[in-house]
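Q: Could you work out the structure for the sequence below:
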Amino acid sequence: MEMPLVNRCTAENCAFNREMTCHALAITIGDPEHAQCDTFCSAPVAGGDPAAVGHVGACKMVDCRYNLHLECQAPGISVGYGPDIVDCLTYQPA
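A: Numbers count the residues shown, from 1 in each chain. Below you'll find the model as predicted:
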């Protein structure tokens, strides 16, 4: 199984984001109630590997249509600002 790509991230104040691209090797999405990006980090230093594009390592949103055994099955996701936190914008309830 290939981990889905983070195709786009608009959370510009995340340490892993450069030019709308996630550079964390793998991110985790969700808690049991919200599809937030658990990897989001607003640190004063750049994080991740500048040569890498982020992937979804785990997803805790069991009610998402793309979730199978806590693994994302979407071909890719988008991450960005929700109403109050940074969310997986690809999340869709089953």
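Q: Now do the same contact list for Gly30.
A: 36, 38, 59-61, 64, 88, 91 (C-beta atoms under 8 Å, 6 or more residues apart in numbering). Heads up, the C-betas are built off the backbone N, CA and C, glycines and all.
Q: What is the nearest of those residues to Val79?
A: The closest of those to Val79 turns out to be Cys88 (C-beta to C-beta; 5.9 Å).
Q: unless I'm mixing things up, that closest one is touching Gly76, no?
A: No - the pair Cys88 and Gly76 fails to qualify as a contact (C-beta atoms under 8 Å) at a distance of 11.1 Å.
Q: Settle it for me: which of those two has more neighbours?
A: Cys88 (27 against 14; other C-beta atoms under 10 Å).
Q: how much space is there between the more buried one and His69?
A: From Cys88 across to His69, the span is 17 Å (C-beta to C-beta, to the nearest Å).
Q: Now for the closest residue to Ala74 other than its chain neighbours: which residues touch it?
A: Using C-beta to C-beta, 6 or more residues apart in numbering and skipping residues adjacent in sequence, the residue nearest Ala74 is Tyr66, 4.0 Å away. Residues in contact with Tyr66 (C-beta under 8 Å, 6+ apart) are 59, 72-74, 90-92.
Q: Could you rerun that using 7 Å?
A: Neighbouring residues of Tyr66 by C-beta atoms under 7 Å, 6 or more residues apart in numbering: 72-74, 90.
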